[in-house]
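> Dropping the sequence and predicted coords here.
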Amino acid sequence: MPNGSPTGLYLSPVKVREVIAELERDGWQLVRTRGSHRQFRHTSKPGTVTVAGKLGVDVPAGTLGSIWKQAGLKKT
C-alpha cells in the first residue's frame, strides 16, 4: 500500500492529492468545493469528509488521522 493509506505505514509526508485519491478509491465523491476545502460524501457511509489544502501540500499527521476516522478508514 502507498504511504498515507489507512493500511500502510506513514514513513513520509502524505500529499493532499494522495488523500483524495484514497478517498475516491473507497467510493467517496466530491460534492462541493469552497476555496481549497473539498467535501466528499459516500453513498453508503454517513457524514461528510472535508479535505483542505492545495493538492501538492503535505497533510499534517493529526489532520490525516481525522480524515481517515471521518471516512471510516482509520486503523484499529
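Sure, I can see it.
> what are the ranges of the strands in this protein?
With DSSP state E as the criterion, the chain has strands at 14-15, 29-34, 37-41, 48-52, 58-59.
> Which residue ranges of the protein form helices?
Here the chain has its helices, by DSSP state H, at 16-25, 61-71.
> Trp68 contacts Gly62, doesn't it?
No. In this structure, Trp68 is not within contact of Gly62 by CB atoms under 8 Å, at 11.1 Å. In short, each C-beta sits where N, CA and C put it, glycine included.
> between those two, which one's more packed in?
Trp68 (19 against 8; other CB atoms under 10 Å).
> Okay, now stretch 16-34: how far is its last residue from its first?
15 Å (CA to CA, to the nearest Å).
> So which bits of that stretch are buried?
Buried positions in stretch 16-34, judged by neighbour count with 16 or more other CB atoms under 10 Å: 16, 18-20, 22-23, 26, 28.
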